[in-house]
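Novice: Got a sequence here, can you model it:
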Amino acid sequence: MTTEIVLKGRTIVGGQAEGIALVTRVAISFFGGVDPQTGVIIERGHELEACKISGKVLVFPRGKGSTVGSYIIYAMGKYGTAPAAMINLETEPIIAIGAVLANIPLMDKFNEPLLEIIKTGDYVKVLSSLGVLKVRTVKNR
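Specialist: Got it, this is the predicted structure:
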């Protein structure tokens with residue numbers, strides 16, 4: 001049985017995207033933590049190590065690391081390996097700038113406890129320009 005949950009958040013980069021959620025409670029460093037040519041998390045010991053983020057709705061608390069991370073996100077957009085959308089608890093400038101450069105829908109500051117609601121494998125529709133996130137969850141996951 002599935003259920004749809006509608007969340008409201010802040011728009012950082014407008015747009016629309018949808019896809020399977022890939023969720024982590026650990027911050028992501030795009031510089032040195034993600035291979036831009038493959039879209040795979042390469043940071044050793046990261047909760048998502050070896051996971052491909054390309055085409056996914058990537059849900060993570062925030063970015064971390066070097067400002068070069070913005071350009072890694074941009075490069076991923078050019079290579080076609082970027083996430084479909086990014087969802088944060090609170091977005092910091094590195095992630096925001098990268099999402100702007102790569103035109104990736106980005107939202108944060110939701111009205112509900114995001115990481116308690118969205119789980120890896122849920123289907124998510126991002127209507128960032130409207131400040132809306134629709135999550136189709138599977139009961140008894």
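
Novice: Roughly how far does the residue nearest to Gly55 when sequence neighbours are not counted sit from Ile20?
Specialist: Closest residue to Gly55 apart from its sequence neighbours, by C-beta to C-beta, 6 or more residues apart in numbering: Ala84 at 5.3 Å. Just so you know, the C-beta spots here come from the backbone N, C-alpha and C atoms, and that holds for glycine as well. To Ile20, Ala84 is 9 Å away according to C-beta to C-beta, to the nearest Å.

Novice: in the chain, which spans are helices?
Specialist: 68-79, 93-102, 114-117 (DSSP state H).

Novice: Quick one: residues in contact with the first one.
Specialist: Contacts to helix 68-79, defined as C-beta atoms under 8 Å, 6 or more residues apart in numbering, come from residues 29-31, 34, 36-37, 39, 54, 63, 82-83, 93-95, 97-99, 101-104.

Novice: got TSV for the helices of the chain, with distance to Leu7 and mean neighbour count too?
Specialist: Formatted as TSV, those follow (distance: least, C-beta to C-beta, whole Å; neighbours: other C-beta atoms under 10 Å):
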stretch	distance to Leu7	mean neighbour count
helix 68-79	23	19
helix 93-102	18	21
helix 114-117	7	15
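
Novice: quick one, what contacts Arg62?
Specialist: Ala27, Asn88, Leu89, Glu90, Thr91, Glu92, Ile95.

Novice: Among these, the buried ones, what's the ChimeraX command?
Specialist: Applied in ChimeraX, the following selects the buried portion of these according to 16 or more other C-beta atoms under 10 Å:
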select :27,88,89,91,95
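
Novice: so where is this structure shaky, pLDDT-wise?
Specialist: Along the chain, the parts satisfying pLDDT under 70 run over 139-141.

Novice: hmm, back to that, and Val59, which of the helices of the chain is closest to it?
Specialist: Closest to Val59 of those is helix 114-117 (C-beta to C-beta; 6.9 Å).
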